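1. need a 3D model of the sequence below.
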Amino acid sequence: MPARHPLGLPEHLAAVDRCLVMGVLNVTPDSFSDGGLWTDRETAIAHGIAMAEQGADLVDVGGESTRPGAQRISTQTELDRVVPVIEALVAAGVVVSIDTMRAAVAVAAVEAGAAVVNDVSGGLSEPAILGAVAGLGVPYVAMHWRGYGDRMHDNAVYDDVVVDVCAELASRARDAVAAGIDPRSVVLDPGLGFAKNADHNWALLHRLDALLDLGHPVLVGASRKRFLGSLLAVDGEPRAIEQRDKATDAVSALAAAAGAWCVRVHDVRGTRDAVEVAAAWTKGDGP
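-> Numbers count the residues shown, from 1 in each chain. Just a heads-up that it's a prediction; the model follows:
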């Protein structure tokens, strides 16, 4: 089994003996679940602080939507969206991760106080991000990725999704280490919903042990995603996005019990309860 936490995590989080909770803060107009809700800077900052108060161990700030069909934005637009929010959250005592595929944004975010770089492309979008993160000394999350949002579904073809995703993530980890990132700082994410259909997502969750066997902490991001809506469909109508939080909490509890390092969610309070239950269940005792 990999270490409980990646190297470089803030000390108070590295001491936590349970799965961590990462709250999602998309300061974008077009993200699939909360796009447009937090584009106002002060509202975004208040929401980030509220998530921390509700139990988020980290708040993941993203300035570029990666939903299916999303179009890319400029580096400057991304910087303008995320840096002021990160600075304000860090000043308020919130631990922040930056959700970006760009080296320049990763560097600026860490300089603003971000403690983790979360790259949904695993270094494939902009390989320079790997060398940049190597010089920052923070954990690096590499997600399984096969292309940008406008064409990801064309790439949802696998011989065996668990074997293929594990092989591709192992390659991402090797490239990160070759670029100078300490292997103990690398976190892997199976990329649920990214170039994957519902069956692919469930297969990966069912075999979380195979991902853990790669030797790195694992981040699971299932929150409110389409495969949960499809599972809970009534008469062929998927469950509405805002009504998928209880299903997300269930995934969080199961992922935590299976050994996930962290779960990335929109509904922080419910998932924090879920991972606390999973921790007590796994250890056989309470706090």
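
2. do you know the pLDDT at the residue of the chain positioned farthest from its centre?
-> Residue farthest from the centre of the chain, counting by CA atoms, centre = their mean, is D235 at 31.5 Å. Per-residue confidence at D235 stands at 88 (pLDDT).

3. can you check the one 3 residues further on too?
-> According to the per-residue confidence, P238 scores 91 in pLDDT.

4. ok, the closest residue to it other than its chain neighbours - contacts?
-> Excluding its sequence neighbours, the residue lying closest to P238 (CB to CB, 6 or more residues apart in numbering) is G229, at 3.6 Å. C-betas here are computed from N, CA, C, even on glycine. Going by CB atoms under 8 Å, 6 or more residues apart in numbering, G229 touches 238-241, 244.

5. identify, from those residues, the entry nearest to A128.
-> The closest of these to A128 turns out to be I241 (CB to CB; 34.2 Å).

6. about what we covered before: could you dump the contacts of G229 into CSV and include neighbour count and distance to R207?
-> Converted to CSV, the contacts of G229 look like this (neighbours: other CB atoms under 10 Å; distance: CB to CB, whole Å):
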residue, neighbour count, distance to R207
P238, 16, 25
R239, 18, 25
A240, 10, 29
I241, 17, 26
R244, 25, 22
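
7. now do the phi/psi pair for the residue farthest from the centre of the chain.
-> Dihedral angles of D235 (phi, psi; degrees, to the nearest 10) stand at phi 50, psi 40.

8. could the contacts of G229 go into TSV alongside distance to L192?
-> Formatted as TSV, the contacts of G229 follow (distance: CB to CB, whole Å):
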residue	distance to L192
P238	16
R239	16
A240	19
I241	15
R244	13
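
9. which one of the residues you listed is nearest to N201?
-> Ranked by distance to N201 (CB to CB), the contacts of G229 are led by R244 at 13.2 Å.

10. distance check, the closest one against D60.
-> With the distance defined as CB to CB, to the nearest Å, R244 ends up 18 Å from D60.

11. what of I73?
-> Separation of I73 from D60 (CB to CB): 18 Å.

12. neighbour count: the two, which is higher?
-> D60 (25 against 16; other CB atoms under 10 Å).

13. shaky segments in the stretch 101-250 of the chain?
-> Along the stretch 101-250 of the chain, segments meeting pLDDT under 70 span 149-150.

14. hmm, try it at 90
-> Residues of the stretch 101-250 of the chain meeting the criterion pLDDT under 90: 147-155, 235-236, 241-242.

15. which residue ranges of it form strands?
-> For the stretch 101-250 of the chain, the strands defined by DSSP state E, counting those that start in this stretch occupy 116-119, 140-143, 186-189, 219-220.

16. tell me which of the ones you listed lies nearest to L9.
-> Nearest of those (CB to CB): strand 116-119, 7.3 Å.

17. which residues does the closest one contact?
-> With CB under 8 Å, 6+ apart as the criterion, strand 116-119 contacts 9, 58, 60, 96-101, 106, 109-110, 125, 129, 133, 136, 138-143, 189, 219.

18. got it, and stretch 79-86?
-> Stretch 79-86 has contacts (CB under 8 Å, 6+ apart) with 25, 27-28, 39, 41, 44-45, 48, 61-63, 96, 98, 100, 104-105, 108-109, 112-114.

19. would you show me how to pick out the buried ones of these in PyMOL?
-> Entered in PyMOL, the line below selects the buried ones among those, by 16 or more other CB atoms under 10 Å:
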select buried, resi 25+27+28+44+45+48+61+62+63+96+98+100+104+105+108+109+112+113+114
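
20. got the contact list for A170?
-> Applying CB under 8 Å, 6+ apart, one finds that A170 lies in contact with L214.

21. list the ones among the contacts of stretch 79-86 that fall in helices.
-> Under the assignment DSSP state H, the contacts of stretch 79-86 contribute 41, 44-45, 48, 104-105, 108-109 to helices.

22. save those residues as TSV, and put in distance to A176 too.
-> Converted to TSV, these look like this (distance: CB to CB, whole Å):
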residue	distance to A176
R41	32
A44	29
I45	31
G48	27
A104	18
V105	17
A108	20
A109	18
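
23. identify, from those, the entry nearest to L13.
-> Using CB to CB, G48 is the member of those that lies nearest L13, at 16.2 Å.

24. what strands line up against the longest strand belonging to the chain, and which way round?
-> Ranked by residue count, the top strand of the chain under DSSP state E comes out as strand 20-26. Sheet pairing of strand 20-26 (DSSP bridges) gives strand 58-62 (parallel), strand 262-265 (parallel).
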